[in-house]
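A.B. asks: Task: produce atomic coordinates for the following.
(one chain, ligands or ions: 1)
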Amino acid sequence: MPEAIKLLPVGLTESALAPADRRGPRARPPRHLADLDPAERRAAVIELGQPAYRADQLSRHYFGRLTDDASEMTDLPADARAQLTGALLPQLLTSQRELECDGGTTRKTLWRAFDGAFVESVLMRYPDRVTMCVSSQAGCGMACPFCATGQAGLTRNLTAAEIVTQVFAGARAMATGAVPGGRGRVSNVVFMGMGEPLANYASVLTAVRRITDPAPNGLGISQRSVTVSTVGLVPSIRRLTSEGLSVRLAVSLHAPDDELRDELVPVTRRWQVAEVLDAAWDYAAETGRRVSIEYAMIRDINDQAWRADLLASLLAGRLAHVNLIPLNPTPGSKWTASNPEVADEFFERLASRGIPVTVRDTRGTQIDGACGQLAAATGPTAGSQALTN
Ligand code: SAH
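C.D. replies: This is a model prediction of the structure:
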């Protein structure tokens, strides 16, 4: 639907909507402070002819005070300010459109990257927490048939800084009081926006470290409050297990049997449900964190009582928690959410066998900002029912 394009501000030419490789497949987003660890930051600053301690000053502004505005960096000499921000704090993502609902406490931002790639992020403010849902890739190569992002394919991986920038923007909006409810902080980050985080492993890992390192090295959000969600790429889950992190792992299972899962999550045909879950249990054992099993409830597809029972038997006695997600509508999909009574029974069957289970609050459906609805300008999304822009 061309609405997505119509909503873009004047001045954004058609060329900006061209595929992301207009500048050649090798064009990389510019280097940014958030791509670098503290030692690399010092090296970069020295390379610019500045004393090493300027790296810490810059980090304090960006990660600690949440500013990337040179004019606010009054402890830096004026010429150094311009040079350092120009070289290390380039604007990686430009907000193209903001949609909000829930009285402004759910906000979806459409971002444009340097090469015309589009991604989206969503901020959700709850009474007890503020969650940023971030994208790890522009588009997604996993092709799950019920997910809007999967329909257009993968444009490219995001860099670590492009991921961190999304969290930074939310943290800044909270710190400046731009979100109704008063000033606050981003407490949680979920890698449940566009993309498969474990298919962009190195950048996602670096981003996790930048998001969770204590300020001023990073944004200081607790690792325990960060969730990495995956379709179940077994070797990457195993690699993540060895990182010594305590982030939460979410596995988008959606079916307890291989036959149906092969259809719903086609990329994981290489791994059986049993292998995916084995990797998940090893992650749980290593980190002590309960694994979140994501299960989109799709009417007459995966919501039968026998599948609830099979799922319960796979999870019994494991460090796991099931998150049932009423299927969110996506354009062109023939599937719809389970009947409420059927979903209730599915829930009860898990709960009665002692499996911890919750139903996900699907915020943001009015702005196509809920799970599986993020498609940026690459797909027919873009808030036909948007409340504001
Ligand atoms: N690629 C990762 C992270 C992004 S999706 C993953 O698959 O886990 C975040 C969650 O939303 C996943 O559990 C995904 O399966 C789910 N999802 C996708 N499309 C959906 C839809 N239409 N309705 C409800 N949930 C959906």
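A.B. asks: can you list contacts of stretch 332-343?
C.D. replies: Contacts of stretch 332-343 with the rest of the structure, by CB atoms under 8 Å, 6 or more residues apart in numbering, involve 145-146, 151, 297-301, 303, 324, 326-329, 346, 359, 380. Every residue, glycine included, has its C-beta placed from N, CA and C.
A.B. asks: out of those residues, which are inside helices?
C.D. replies: 151, 346 (DSSP state H).
A.B. asks: Give me the three-state assignment for residue 83.
C.D. replies: helix (DSSP: H, G, I helix; E, B strand; the rest coil).
A.B. asks: Model confidence for residue 303, exactly?
C.D. replies: In this prediction, residue 303 carries a pLDDT score of 98.
A.B. asks: Just the buried subset of the contacts of stretch 332-343, written out for PyMOL, thanks.
C.D. replies: Selection command for PyMOL covering only the buried members of the contacts of stretch 332-343, criterion 16 or more other CB atoms under 10 Å:
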select buried, resi 145+146+151+297+298+301+303+324+326+327+328+329+346+380
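A.B. asks: which of the contacts of stretch 332-343 come close to the ligand?
C.D. replies: Of the residues in the contacts of stretch 332-343, proximity to the ligand by CB under 6 Å from any ligand atom holds for 146, 327, 328.
A.B. asks: what residues are up against the first one?
C.D. replies: Just to be clear, that refers to residue 146. Residue 146 touches 264, 296, 298, 327, 330, 333, 335, 372, counting by CB under 8 Å, 6+ apart.
A.B. asks: Now the residue of the chain found nearest the ligand. Nearest residue, chain neighbours left out?
C.D. replies: Per CB to the nearest ligand atom, residue 372 is where the chain lies closest to the ligand, at 1.8 Å. Leaving aside its sequence neighbours, residue 372 sits nearest to residue 147 (CB to CB, 6 or more residues apart in numbering; 4.1 Å).
A.B. asks: Kindly provide the whole-number mean pLDDT of stretch 103-112.
C.D. replies: 96.
A.B. asks: in it, what's buried?
C.D. replies: 104, 105, 106, 107, 108, 109, 110, 111, 112.
A.B. asks: would you turn the residues you listed into JSON lines with distance to the ligand?
C.D. replies: Below are those laid out as JSON lines (distance: CB to the nearest ligand atom, whole Å):
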{"residue": "104", "distance to the ligand": "23"}
{"residue": "105", "distance to the ligand": "20"}
{"residue": "106", "distance to the ligand": "16"}
{"residue": "107", "distance to the ligand": "18"}
{"residue": "108", "distance to the ligand": "14"}
{"residue": "109", "distance to the ligand": "17"}
{"residue": "110", "distance to the ligand": "17"}
{"residue": "111", "distance to the ligand": "16"}
{"residue": "112", "distance to the ligand": "20"}
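A.B. asks: how about the residues of the protein that lie near the ligand?
C.D. replies: 142, 146-147, 192, 196, 229-231, 252, 294, 296, 325, 327-328, 330, 371-372.
A.B. asks: Looking at the residues you listed, which are in strands?
C.D. replies: 229, 230, 252, 294, 296, 325 (DSSP state E).
A.B. asks: Could you identify the buried members of those?
C.D. replies: 229, 230, 252, 294, 296, 325.
A.B. asks: in the sheet, who's paired with the first one?
C.D. replies: What that stands for is residue 229. residue 250 (DSSP bridges).
A.B. asks: Helix or strand, whichever it is, which one in the chain has the lowest mean pLDDT?
C.D. replies: Using mean pLDDT, DSSP states H and E, the weakest-scoring helix or strand in the chain turns out to be helix 3-6, at a mean of 28.
A.B. asks: so what secondary structure elements neighbour the following helix or strand past it?
C.D. replies: Proceeding N to C from helix 3-6, the next assigned helix or strand is helix 38-47, under DSSP states H and E. Applying 3 or more CB pairs under 8 Å, 6 or more residues apart in numbering; DSSP states H and E, one finds that helix 38-47 contacts helix 53-59, helix 78-88.
A.B. asks: Comparing the ones you listed, which stretch has the densest surroundings?
C.D. replies: helix 53-59 (a mean of 20; mean count of other CB atoms under 10 Å).
A.B. asks: Please state the mean pLDDT value computed over it.
C.D. replies: 97.
A.B. asks: just checking, what packs against it?
C.D. replies: helix 38-47, helix 78-88.
A.B. asks: which outside residues touch that helix?
C.D. replies: 33, 38, 41-42, 44-45, 73, 75-76, 80, 84-85, 88-89, 216-217.
A.B. asks: out of those residues, what pair is the most spread apart?
C.D. replies: Using CB to CB, the contacts of helix 53-59 span at most 20.5 Å, a distance reached by 80 and 217.
A.B. asks: Distance-wise, check the residue nearest to residue 219 when sequence neighbours are not counted relative to residue 195.
C.D. replies: Nearest in space to residue 219, with sequence neighbours left out and distances taken as CB to CB, 6+ apart, is residue 211 at 5.1 Å. Using CB to CB, to the nearest Å, residue 211 is found at 16 Å from residue 195.
A.B. asks: Same check on residue 75?
C.D. replies: 37 Å.
A.B. asks: can you check residue 66 too?
C.D. replies: Taken as CB to CB, the span from residue 66 to residue 195 is 24 Å.
A.B. asks: okay, those two: which has more neighbours?
C.D. replies: Using other CB atoms under 10 Å, the more surrounded residue of residue 66 and residue 195 is residue 195, with 29 against 19.
A.B. asks: residue contacts, that one?
C.D. replies: 119, 135, 136, 137, 138, 139, 140, 149, 154, 157, 158.
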